[in-house]
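build me a model from this:
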Amino acid sequence: MSGEVLFDDGDEIIVEGSDGLPGELVLTDHGGAFADWRTPSLLAFARAYAKPANDRHADLQDPRAFAETYLTALGAEFRRIQADCRRRKRAFDALFKHLPFNEEGSFACRWVRVLARLDGTDEAQLTAEIRRHVVALAPGSALENSL
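I've put the predicted structure just below:
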């Protein structure tokens, strides 16, 4: 389905640090990245990427801090993945060359489109767009006015 991000749907594992607090988020299924491979920009998914913060904000003691931490971590992980793909570009590009390629959506086609979208996305712009959709960070929000 276009515009739907398959993230925060139960395919993630929180790994606790030695202090008992969440230390790492591990994504166990990357299949959602290939669900909507035709949308040329990740900016179109900003509202969906804001959903994990928005779904939790009413239950949090400090939703603003949670949202800021979420955006910081999301941006850092995006930059890490993007850098890894760029550093190993030839390997990533060749990974599914042996599979049939057709514009109707073969996996090889989806792979090429998703990698191009990842490479063409500016992390700062994406994070700023997601921020616009996070309730706890919205200008003029009740949360902001109470600070």
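
quick check: residue 52 vs residue 75, distance?
For residue 52, the distance to residue 75 equals 14 Å [Cβ to Cβ, to the nearest Å]. The way it works is simple: take the backbone N, C-alpha and C, and place the C-beta from them, glycine included.

the residue nearest to residue 95 when sequence neighbours are not counted: how many residues sit nearby?
Nearest in space to residue 95, with sequence neighbours left out and distances taken as Cβ to Cβ, 6 or more residues apart in numbering, is residue 111 at 6.9 Å. As a burial measure, residue 111 scores 20 neighbours (other Cβ atoms under 10 Å).

need the three-state assignment for residue 23.
Assigned with DSSP: H, G, I helix; E, B strand; the rest coil, residue 23 falls in the strand class.

might one say that it is in contact with residue 17?
Yes. Using Cβ atoms under 8 Å, residue 23 is in contact with residue 17, at 3.2 Å.

quick one: mean pLDDT over the lengthiest helix in the chain.
Secondary structure of the chain per DSSP state H: the longest helix is helix 63-87. Average pLDDT, helix 63-87: 92.

name the next helix or strand downstream of it, please.
helix 89-94 (DSSP states H and E).

which helices and strands sit right next to that following helix?
Using 3 or more Cβ pairs under 8 Å, 6 or more residues apart in numbering; DSSP states H and E, the elements in contact with helix 89-94 are helix 107-119.

next, the angle helix 63-87 makes with the helix it packs on.
120 degrees (axes from the mean of the first three to the mean of the last three Cα atoms, to 10 degrees).

contacts for helix 107-119?
Residues outside helix 107-119 that contact it (Cβ atoms under 8 Å, 6 or more residues apart in numbering): 33-34, 37-42, 81-82, 85-86, 92-93, 95-97, 99-103.
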